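> Predicted model and sequence follow; I will ask about them next.
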Amino acid sequence: MRVDEATEDADLAALRGRAIQILRTNNRGGYTVPTDNLYPFQWNWDSAFCAMGVATFDVQRAWDELDSLYTGQWTNGFLPHIVFHQVVDSYYPGPDVWGADHVPRTSGISQPPITATAARFILARAGDDRASRARAAALYPKILALHDWWDRARDPEASGLVGVLHPWESGADNSPVWDRPLEATPATTTVFHRRDVALVDAAMRPRQWEYERYIYLVELYRGLGWDDARMWAQTPFKVADVGLNAILQRDERDLLALAERFGTPAEQQRLSERAARRRKGLERLWDEEAGAYYSLDLVSGQSLKIASHASFLPLWGGLDDPGRAQRLADELQRWVDLCAFGAPTMAPDSPEFDQRRYWRGPVWAIVNWMLGDGLARHGCGELARRLRADTRRLIQRNGFCEYYDPLSGEGLGGDTFSWTAAAGLAWAFD
Ligand code: GLC
């Protein structure tokens with residue numbers, strides 16, 4: 001072994017140790033908070049990523065993470081974006097604002113579904129042992145119920161595309177892609193007190209203008225009793241987000257693999273048919289001329305022609321066409337080449353790019369993980385390696401932050417962040 005290789009190994013071992021420590025510290029007894037203070041509860045897709053990170057050092061704890069997330073599942077299959085396991089006053093909007101009728105208390109919107117992907121990952125890490133098989137088998141019907149909910153509640157017309165009814169449902173809370181549909185959304189008249197800007201620099205967080213609309217939507221849906229059909233019919237905000245649809249496609253594919261082991265032939269059939277429908281749905285988001293995937297506003301019927309990191313997530317979802325994968329990789333490479341650290345969430349030469357405000361430019365470790373994995377699967381190994389190396393460098397220099405400035409590398413938002421630690425363990429330090 002060369003000296004520089006030995007140094008690199010020692011650095012990686014130290015980073016791994018630190019990541020494990022963060023995931024242990026943020027464990028609140030069976031579930032992991034995204035970070036202390038700023039996000040004091042269990043978040044849906046954060047937990048799925050955390051479960052994969054935890055699986056690298058404690059398989060049973062990884063299953064516990066998913067099980068505790070599913071204690072928030074409603075009887076109709078819906079899985080909330082937040083499970084409020086304990087009462088903490090430092091977060092707005094808390095459980096009373098959501099007004100959802102479930103114990104433990106929860107929010108009323110969902111987040112990108114990653115739990116089937118996580119379950120397969122944990123099973124593989126566990127060497128497919130008997131204990132893990134039993135845990136996966138117990139979880140499988142719950143994940144299936146979640147996917148049936150997405151299909152029924154968020155694609156009621158069976159178009160193959162699901163719609164998000166709140167920007168937060170996409171996971172990319174204040175992406176510039178939501179600007180136009182939010183302009184058509186009224187603001188709340190309720191006076192509310194944000195807690196996030198007391199904890200993090202306001203320049204790194206959504207603007208007040210957006211928050212007033214986020215809260216309007218929550219209040220509207222609460223008034224509709226969280227009834228899926230009424231929400232779908234009455235909302236002013238309904239978008240077929242390319243990111244969510246791509247992540248759903250990947251999770252559904254992983255669910256089908258679980259169904260082949262733990263499900264019935266009828267369930268397998270249902271999932272295969274759905275997968276075909278989803279492929280056709282995503283195809284409607286492809287703009288051949290621009291060579292890009294764009295989200296679709298389901299209220300106005302217009303394509304939201306703004307490329308963001310989500311435009312590349314079909315690589316994670318799985319593409320049939322290698323030429324198209326290469327086109328996406330070339331454009332992403334262009335974005336990365338304009339930065340000191342990739343991948344930015346917006347094109348650095350686009351008018352919407354804001355290097356410090358979250359989802360409007362900064363780099364996220366979990367986004368790099370999904371893009372890196374997708375690129376590698378489609379034969380674009382060089383860019384995948386670049387994203388891994390950049391993720392390591394960012395963490396090494398600035399710690400396990402929520403997100404990073406793509407031009408300076410500065411760590412932004414919350415720190416000792418769980419999913420950044422998980423992305424390191426499960427992908428970037430591997
Ligand atoms: C922010 C992110 C969201 C994440 C949450 C907790 O709201 O936009 O995707 O789940 O923080 O980390």
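Happy to help now that I have it. Numbering: from 1, shown residues only.

> By proximity to the ligand, which residue of the stretch 201-350 of the chain wins?
Across the stretch 201-350 of the chain, the shortest distance to the ligand (CB to the nearest ligand atom) belongs to residue 206, at 9.0 Å. C-beta: built from backbone N, CA, C; applies to glycine.

> Next up, the contacts around the residue nearest to residue 398 when sequence neighbours are not counted.
Using CB to CB, 6 or more residues apart in numbering and skipping the chain neighbours, the partner closest in space to residue 398 is residue 411 (3.7 Å). Neighbouring residues of residue 411 by CB atoms under 8 Å, 6 or more residues apart in numbering: 394, 398, 399, 401, 402, 403, 404.

> could you redo the last one with a cut-off of 10 Å?
362, 394-395, 397-405, 417, 420 (CB atoms under 10 Å, 6 or more residues apart in numbering).

> Roughly how far does it sit from residue 376?
26 Å (CB to CB, to the nearest Å).

> Surely the residue of the stretch 201-350 of the chain closest to the ligand is in contact with residue 173?
Yes: the pair residue 206 and residue 173 passes the contact test of CB atoms under 10 Å, sitting 6.4 Å apart.

> that older thread, and the residue nearest to residue 398, what are its bridge partners?
Beta-bridge partners of residue 411, counted by DSSP bridges, are residue 404.

> Then residue 43?
Assigned bridge partners for residue 43, using DSSP bridges, are residue 82.

> Against residue 170, how distant is it?
Taking CB to CB, one finds residue 43 at 13 Å from residue 170.

> Quick check: residues of the chain near the ligand?
Taking CB under 6 Å from any ligand atom as the contact definition, the chain meets the ligand at 34, 39, 43, 45, 46, 171, 173.

> Who are the contact partners of residue 399?
18, 22, 411, 415, 416, 417, 420 are the contacts of residue 399 under CB under 10 Å, 6+ apart.

> Could you do residue 336 as well?
Counting by CB under 10 Å, 6+ apart, residue 336 has contacts 342, 343, 344, 348, 363, 371, 383, 386, 387, 390, 406.

> separation between it and residue 77?
38 Å.

> next one: residue 40
Note on residue 40: its distance to residue 77, by CB to CB, is 26 Å.

> same question, residue 334
Separation of residue 334 from residue 77 (CB to CB): 40 Å.

> ok, back up a step: list residues touching both of residue 43 and residue 170?
Listed as contacting both residue 43 and residue 170 by CB under 10 Å, 6+ apart are residue 111.

> Start and end of stretch 415-425, how far apart?
End-to-end distance for stretch 415-425, by CA to CA, to the nearest Å: 17 Å.

> May I see the buried residues of that stretch?
415, 416, 417, 418, 419, 420, 421, 422, 423, 424, 425 (16 or more other CB atoms under 10 Å).

> roughly how far is it from the heart of the chain?
Remark: stretch 415-425 is offset 14 Å from the chain centroid, using CA atoms, centre = their mean, to the nearest Å.

> Just the ones in helices from the buried residues of stretch 415-425, please.
418, 419, 420, 421, 422, 423 (DSSP state H).

> Tell me which two in these are the farthest apart.
418 and 423 (9.7 Å; CB to CB).

> Return the distance of the residue nearest to residue 334 when sequence neighbours are not counted relative to residue 375.
Among residues not flanking residue 334 along the chain, residue 347 sits closest, at 7.9 Å (CB to CB, 6+ apart). Separation of residue 347 from residue 375 (CB to CB) stands at 17 Å.

> Could you check which of those two is surrounded by more residues?
Neighbour tally, residue 347 and residue 375, criterion other CB atoms under 10 Å: the higher count belongs to residue 375, 27 against 20.

> Which neighbouring elements make contact with the helix or strand encompassing that one?
In this assignment (DSSP states H and E), residue 375 forms part of helix 365-377. Helix 365-377 sits against helix 44-54, helix 242-262, helix 314-317, helix 322-337, helix 381-398, strand 403-404, helix 418-423, with contacts defined as 3 or more CB pairs under 10 Å, 6 or more residues apart in numbering; DSSP states H and E.

> again, 7 Å this time
helix 314-317, helix 381-398, helix 418-423 (3 or more CB pairs under 7 Å, 6 or more residues apart in numbering; DSSP states H and E).

> returning to that earlier point: which among the ones in helices among the buried residues of stretch 415-425 gets closest to the ligand?
Among those, residue 419 lies closest to the ligand (CB to the nearest ligand atom), at 6.5 Å.

> Out of the helices and strands in this protein, which is least certain?
When the helices and strands of the chain are scored by mean pLDDT, DSSP states H and E, helix 196-199 comes last with a mean of 85.
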